[in-house]
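> quick one: sequence plus predicted model below, questions after.
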Amino acid sequence: MSFFRDFFMLAMSAIVAQNLFFTRALGTSRMLILMRNTRAAIRYGIVLTWVTTAGSVLSYLIWKPLSEHLTSAYIRPILFLACIYALFGITYFVVKKYLPGLFRALADLAPSAFFSCAALGTLLINSYQGHNLAKSIGFGLGSGIGFTCALLIVELGLRRIALSDVPKAFRGLPIALLYVGLISLAIYGLTGHQLPS
Amino acid sequence: MRTRKVKRLKKSMYRAKGILAGNPVLVYGLGLPFAVFASTSLKNAVALSIAMAVSNIPTLLFASLIAKSKTKIPIGIRMASYTLLSAFLLIASSKLIAPISPYIFDSLGIYFPLISVNTIMLYQTQNMSADENPVSVVVSGIFNVIGFSLVMCLMGTVRELFGRGSIWGVEAGFIKIKAGGLLVSFSGFILLGFLCAIYKGLSRIIKGAALRADNRQAIKR
């Protein structure tokens, strides 16, 4: 029972309160490329959700027994990158062999989703916050879903902003950043934070 | 003839494209997580800039040599090798960063290891052609890092000065009111948004002025 409680708590937290995109700015650089195409954003989100969820499980299972013996702080990111490489290799060969249609659809997006700040960042946050297996799975799944929702919210908002009369200097990247900043501020307030004095 | 001055301006700017005209952060929106979240102090900004320089430049050289060899390696394997090399180079860069402050790695948190998958390096390696000279790739990589560092230092200085009332950890007596909100991620987005807009506006004004001056000269002739 506590497994499911931890799982749902962290999944919900990762979708809203600890949203990778709005609260940690992870994966924001991809926003500009993906916001022009809703389908690409959803496809990217699905791949990222797979990486963050399966990667969280894999990194937890590998890091847990090694954490007591490895004291160097530099090993952890390299180990987590190795988890992502393993996952990428397995996914690449399985999808290519058994799901060629899906392989063609995801071939251009998958590498950038696997080797992104959002994917590695999720594994690192899981590890630094000392999550157990249930929390790791919940956080991984929630991070991917939260990121996809964030991309869609930004894409929708920017489509509406494009219809309004934005000053020339603010068109493009500046207005996108201001819009993301305002949503980030809303989430900051929603979760009950107070500004540091 | 009418756009001669603009062309000259563009040509002179092209040499240092990564610093201004093609700034990776302000123009292309790359490396945003670092510029938005981790630029809360000047020390953080300098540390990330050093780490970026140490990890990106040799990785770009390696990537350009692979591209030049024209061996067909799948993009996923290429990206994996670049990120792995970058992660190992980060270990070397940590020796340069450590003297900045004893708490620098705690302050950077997950953003230090994330440099191994930074979009500035990945974007440049993805858009690399086999005809490109490795030296020009490295030079453009250096300018990109300088451009990134300038934005980071500017963001770091403003946020630390007005958020904490200090610069490089030294108390600035002339700041009476501290805006703690500047140290939170949402203000990073908003501040960077305004910075991009100022840059965009200024470059429009400069280009417009050059075009007008060129037109006046053409009329006189």
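Received it, and whenever you're ready, just let me know what you need.
> any idea where the helices of the chain begin and end?
All of this is about chain A. Under the criterion DSSP state H, chain A contains helices at A:2-15, A:20-23, A:31-34, A:38-66, A:75-98, A:100-106, A:110-114, A:117-128, A:133-161, A:173-190.
> let's do chain B instead
Taking DSSP H, the helices of chain B run over residues B:4-15, B:32-33, B:42-69, B:75-97, B:104-108, B:119-126, B:134-163, B:185-220.
> to B:R159, which of the helices of chain A lies closest?
Closest to B:R159 of the helices of chain A, according to Cβ to Cβ: helix A:173-190, at 13.4 Å. Where C-beta positions appear, they are placed from N, C-alpha and C, glycine not excepted.
> and that closest one, how far from the chain's centre?
17 Å (Cα atoms, centre = their mean, to the nearest Å).
> specify the angle between it and helix A:133-161 in degrees.
Comparing the axes of helix A:173-190 and helix A:133-161 via axes from the mean of the first three to the mean of the last three Cα atoms, to 10 degrees yields an angle of 130 degrees.
> sorry, back to before: can you list the helices of chain B in TSV and add distance to chain A, mean neighbour count and mean pLDDT?
Formatted as TSV, those follow (distance: least, Cβ to the nearest Cβ, whole Å; neighbours: other Cβ atoms under 10 Å in any protein chain shown; pLDDT from 0 to 100):
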stretch	distance to chain A	mean neighbour count	mean pLDDT
helix B:4-15	17	13	65
helix B:32-33	4	27	91
helix B:42-69	12	21	92
helix B:75-97	4	19	90
helix B:104-108	7	16	89
helix B:119-126	4	23	88
helix B:134-163	8	20	91
helix B:185-220	3	17	89
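> next up, the contacts around the residue most central in space within chain B.
What sits nearest the mean C-alpha location of chain B, by Cα atoms, centre = their mean, is B:F148, with 1.5 Å. B:F148 makes contacts with B:23-25, B:31, B:34-35, B:49, B:52, B:120, as judged by Cβ atoms under 8 Å, 6 or more residues apart in numbering or on different chains.
> quick one: it and A:Y44, what's the gap?
Per Cβ to Cβ, to the nearest Å, B:F148 is found 24 Å from A:Y44.
> quick revisit: how about the helices of chain A in CSV, adding distance to B:P99 and mean neighbour count?
Below are these laid out as CSV (distance: least, Cβ to Cβ, whole Å; neighbours: other Cβ atoms under 10 Å in any protein chain shown):
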stretch, distance to B:P99, mean neighbour count
helix A:2-15, 36, 17
helix A:20-23, 31, 26
helix A:31-34, 35, 20
helix A:38-66, 29, 20
helix A:75-98, 21, 17
helix A:100-106, 44, 13
helix A:110-114, 35, 24
helix A:117-128, 24, 26
helix A:133-161, 34, 22
helix A:173-190, 33, 20
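> what distance do you get for the nearest residue to A:L109 once chain neighbours are set aside to chain B?
Of all residues not flanking A:L109 in the chain, A:Y44 sits nearest, at 5.1 Å (Cβ to Cβ, 6 or more residues apart in numbering or on different chains). From A:Y44 across to chain B, the span is 14 Å (Cβ to the nearest Cβ, to the nearest Å).
> how about the contacts made by the nearest residue to B:A98 once chain neighbours are set aside?
What sits nearest to B:A98 in space, not counting adjacent residues and going by Cβ to Cβ, 6+ apart, is B:I104, at 6.9 Å. If you count contacts by Cβ under 8 Å, 6+ apart, B:I104 has them with B:43-44, B:47, B:97-98.
> got it, and B:T157?
The neighbours of B:T157, taking Cβ under 8 Å, 6+ apart as the test, are B:42, B:45, B:167.
> with respect to A:T91, which of the residues you listed is nearest?
Distance to A:T91, by Cβ to Cβ, is smallest for B:A45 among these, at 36.2 Å.
> the closest one is in contact with B:V158, isn't it?
No: applying Cβ atoms under 8 Å, one finds B:A45 not in contact with B:V158, separated by 10.3 Å.
> how close does the closest residue to A:N126 other than its chain neighbours sit to A:L87?
Closest residue to A:N126 apart from its sequence neighbours, by Cβ to Cβ, 6+ apart: A:S136 at 4.7 Å. Applying Cβ to Cβ, one obtains 14 Å for the distance of A:S136 from A:L87.
> what do you get for B:G169?
Distance of B:G169 to A:L87, computed by Cβ to Cβ: 41 Å.
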